[in-house]
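need a structure here:
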Amino acid sequence: MLSAAAERSGVDPQISIDGGDLACGELLMLVHRRLRGVAPGTLIAIITTDPAAPIDIPAWCHLTGHRYRGPAGTPRCYLVEVVAASRRVDPANPWRAT
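Below is the predicted model of the structure:
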């Protein structure tokens, strides 16, 4: 579920991924698994309390080619737009390009 602050920001993500307090590696594995088969243009809300997320999520988007759309009204919700021509990553280590 998207936070009330994100809902007030006017964004309308189609998928919400609640990473809770997962650290970067586990969070990226969760996001990578959830994005399989998701249509390009889909807006994803990633909700996490990981303090490194403001750095890690944009860096992962840069690595994969997905479009980082920024925070959504709260420091713990980040928006990512799925792109058609994303770069492949190692499924076991989604922070590494293949």
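
list the neighbouring strands of the host helix or strand of residue 45 plus their orientation.
Per DSSP states H and E: residue 45 is located in strand 43-48. Here strand 43-48 is paired, per DSSP bridges, with strand 15-20 (parallel), strand 77-81 (antiparallel).

would you mind finding the most buried of the ones you listed?
strand 77-81 (a mean of 22; mean count of other Cβ atoms under 10 Å). In this view, the C-beta of every residue, glycine as well, is placed from N, C-alpha and C.

just the CA trace of that strand, in PDB.
The C-alpha coordinates for strand 77-81 follow below in PDB (Å, rounded to 0.1, in the frame of the first residue of the first chain):
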ATOM      1  CA  CYS A  77       8.800   6.000  -1.200                       C
ATOM      2  CA  TYR A  78      10.600   6.100  -4.500                       C
ATOM      3  CA  LEU A  79       9.200   5.900  -8.000                       C
ATOM      4  CA  VAL A  80      10.700   3.900 -10.900                       C
ATOM      5  CA  GLU A  81       9.300   3.700 -14.400                       C
END
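
quick one: contacts of it?
Residues outside strand 77-81 that contact it (Cβ atoms under 8 Å, 6 or more residues apart in numbering) are 2-3, 5-6, 11, 13, 31, 41-48, 53-54, 57, 61, 66-72.

if we can go back for a sec, okay, the strands paired with strand 43-48 in CSV with mean pLDDT next?
Below are those laid out as CSV (pLDDT from 0 to 100):
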stretch, mean pLDDT
strand 15-20, 92
strand 77-81, 95
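
and those: which comes nearest residue 91?
Closest of these to residue 91 is strand 15-20, at 16.5 Å (criterion: Cβ to Cβ).

could you list every helix and strand that the helix or strand just after the closest one packs against?
Once strand 15-20 ends, the next helix or strand along the chain (criterion: DSSP H and E) is helix 24-35. When contacts are defined as 3 or more Cβ pairs under 8 Å, 6 or more residues apart in numbering; DSSP states H and E, helix 24-35 packs onto strand 15-20, strand 43-48, helix 53-64, strand 93-97.
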